[in-house]
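A.B. asks: structure of the sequence below:
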Amino acid sequence: MLRRYPNVGEPLACEPITKGLLNHGYRVSTTSGSYFLKHHLDKKHLGDPSGERAAIVRQHRATQRLKSLGVPVVPPLTDTRGDTVTVIGERCYALHPWVDGLHRVGSELTLSQSRRLGALLGTVHTGLEQVMAPRDGPHPASPPALPVHRSPDAADTFALIDDLLAAARGQDGRDAPRDAFDELAVHRLVERRALLEQHSHRRPPTPDGPATGWVHGDFHPLNLLYRGADPVAIVDWDRLAVQPRAEEAVRAAAIFFVRPAGELDLAKVRAYARAYRRAAGAGAAELAAAVHRVWWERLNDFWILRWRYRLHDRRADPQFPAVSALAVWWTREYEAVCAAFTE
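C.D. replies: Okay, here's the model as predicted:
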């Protein structure tokens, strides 16, 4: 594969990278330096088209254009034919320059760095608005072609809870030993069902129109590299899509600034959100609506349990204690969370 790229040298070593849930990555060392080789997995079985070649090319073009605006991204190298995607045996690969850096969670960020994080995401959203429309997708003036993002229906969630409870209690016909995780899952599922029954009337209404903003789609600590105090690379653009931009800002904060016990660091959230609103030109009303929709989304979301019990994939299990506790805490502290994002 390296022969397709000019001036990358001869291969010396190829080491798999263990972090990441949805793609395979490798650090490739050559006589010319180090590179990141990304294998874009086919995720059609998850209802995700991001592993298709056309989608990957769109992601690559977006990062190339964002880099020209000064956004810290790492576009792929171009091969001798001018392509950025290499297809070998129906598998899609891309070769990127290697970037040295560390992932940092919100507890490692100061208030100043939290502000910078919010400003960075705001810059990403305004940058995508410049580089993506109308060349790489429907123009915002063409709403029929864009998705309307409806909030989850509690009735569907109740059915899912029943299904997951049976699995967590060992009543699904599988002869698997139960452990402390299963006990916690049962507790959280029962607790969440009671919360949904109590708050079912608060389901957000269907938006009047489709989303019009391009977003990274997966902005969290494992997709941002720091060198010292500075963010140097936003990576993994697989979920680049048209979605409500303020919702991405809220989701990102809920991942970066969640504490192990499931609380948000509201001082850092406030600093982050103010900087985001300023950089993105987003108003308080837009953020308030996003907070409500993401809160409801979290109240209805059990992706980690679906991975464990339906896909038999336990890689995300360590995230469950904090993520499941956050939905409960957020419901109790709803007004304070909303104020942190809007004031």
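A.B. asks: the stretch of helix or strand residue 57 belongs to: which residues count as buried?
C.D. replies: Using DSSP states H and E, residue 57 falls within helix 53-68. The neighbour-count check on helix 53-68 (16 or more other Cβ atoms under 10 Å) flags 55-63, 65-66 as buried. C-beta here means a position set from N, CA and C on the backbone, and glycine is covered the same way.
A.B. asks: now these in CSV, with pLDDT and distance to residue 212?
C.D. replies: Putting the buried residues of helix 53-68 into CSV (pLDDT from 0 to 100; distance: Cβ to Cβ, whole Å) gives the following:
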residue, pLDDT, distance to residue 212
55, 90, 19
56, 93, 23
57, 93, 22
58, 93, 17
59, 95, 19
60, 96, 23
61, 95, 19
62, 96, 16
63, 97, 21
65, 96, 18
66, 97, 18
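A.B. asks: and of the residues you listed, the nearest to residue 159?
C.D. replies: When the buried residues of helix 53-68 are compared for distance to residue 159 (Cβ to Cβ), residue 55 wins out at 31.1 Å.
A.B. asks: do you know how far that closest one is from residue 88?
C.D. replies: 18 Å (Cβ to Cβ, to the nearest Å).
A.B. asks: quick check: what element follows the helix holding residue 57 along the chain?
C.D. replies: strand 86-88.
A.B. asks: adjacent strands (with direction) for that next one?
C.D. replies: Strand 86-88 sits in its sheet next to strand 91-97 (antiparallel), going by DSSP bridges.
A.B. asks: average pLDDT across the partner strand?
C.D. replies: Within the predicted structure, the mean pLDDT of strand 91-97 is 94.
A.B. asks: who touches that strand?
C.D. replies: 1-2, 5, 8, 28, 35-40, 42, 51-53, 56, 60, 74-77, 84-87 (Cβ atoms under 8 Å, 6 or more residues apart in numbering).
A.B. asks: likewise for stretch 258-277?
C.D. replies: Applying Cβ under 8 Å, 6+ apart, the external contacts of stretch 258-277 come out as 106-107, 109, 111-112, 114-119, 121-122, 249, 253-254, 256-257, 282-284, 287, 321-330, 333, 336-337, 340-343.
A.B. asks: do a quick rundown of the helices in the stretch 51-200 of the chain.
C.D. replies: Applying DSSP state H, counting those that start in this stretch to the stretch 51-200 of the chain gives helices spanning 53-68, 111-132, 154-168, 180-199.
A.B. asks: circling back: mind giving me the packing neighbours of the helix holding residue 57?
C.D. replies: Applying 3 or more Cβ pairs under 8 Å, 6 or more residues apart in numbering; DSSP states H and E, one finds that helix 53-68 makes contact with strand 91-97, helix 111-132.
A.B. asks: now do that helix against helix 111-132, angle only.
C.D. replies: Going by axes from the mean of the first three to the mean of the last three Cα atoms, to 10 degrees, helix 53-68 is angled at 120 degrees with respect to helix 111-132.
A.B. asks: other residues contacting helix 53-68?
C.D. replies: Residues outside helix 53-68 that contact it (Cβ under 8 Å, 6+ apart) are 40, 49-50, 73-76, 84-85, 87, 92, 94, 124, 127-128, 130-132, 136-137, 214, 237-238, 240.
A.B. asks: now residue 246: phi and psi?
C.D. replies: Dihedral angles of residue 246 (phi, psi; degrees, to the nearest 10) stand at phi -70, psi -30.
A.B. asks: separation between the closest residue to it other than its chain neighbours and residue 204?
C.D. replies: Setting aside the residues directly before and after it, residue 246 is nearest to residue 290 in space (Cβ to Cβ, 6 or more residues apart in numbering), at 3.6 Å. Separation of residue 290 from residue 204 (Cβ to Cβ): 10 Å.
A.B. asks: what's the burial count for residue 261?
C.D. replies: 10 (other Cβ atoms under 10 Å).
A.B. asks: that one sits in which helix or strand?
C.D. replies: Residue 261 is part of no helix or strand when elements are defined by DSSP H and E.
A.B. asks: check it and give its pLDDT.
C.D. replies: pLDDT, read off for residue 261, is 95.
A.B. asks: how about residue 111, what does it touch?
C.D. replies: Applying Cβ under 8 Å, 6+ apart to residue 111 gives the contacts 267-268, 271.
A.B. asks: now the buried members of these.
C.D. replies: 268, 271.
A.B. asks: tell me the one among the contacts of residue 111 nearest to residue 154.
C.D. replies: Using Cβ to Cβ, residue 268 is the member of the contacts of residue 111 that lies nearest residue 154, at 31.0 Å.
A.B. asks: ok, now how distant is the closest residue to the closest one other than its chain neighbours from residue 84?
C.D. replies: Closest residue to residue 268 apart from its sequence neighbours, by Cβ to Cβ, 6+ apart: residue 114 at 4.1 Å. Separation of residue 114 from residue 84 (Cβ to Cβ): 33 Å.
A.B. asks: hmm, back to that, looking at the helices of the stretch 51-200 of the chain, which is buried most?
C.D. replies: Highest mean neighbour count of these: helix 111-132, a mean of 20 (counted as mean count of other Cβ atoms under 10 Å).
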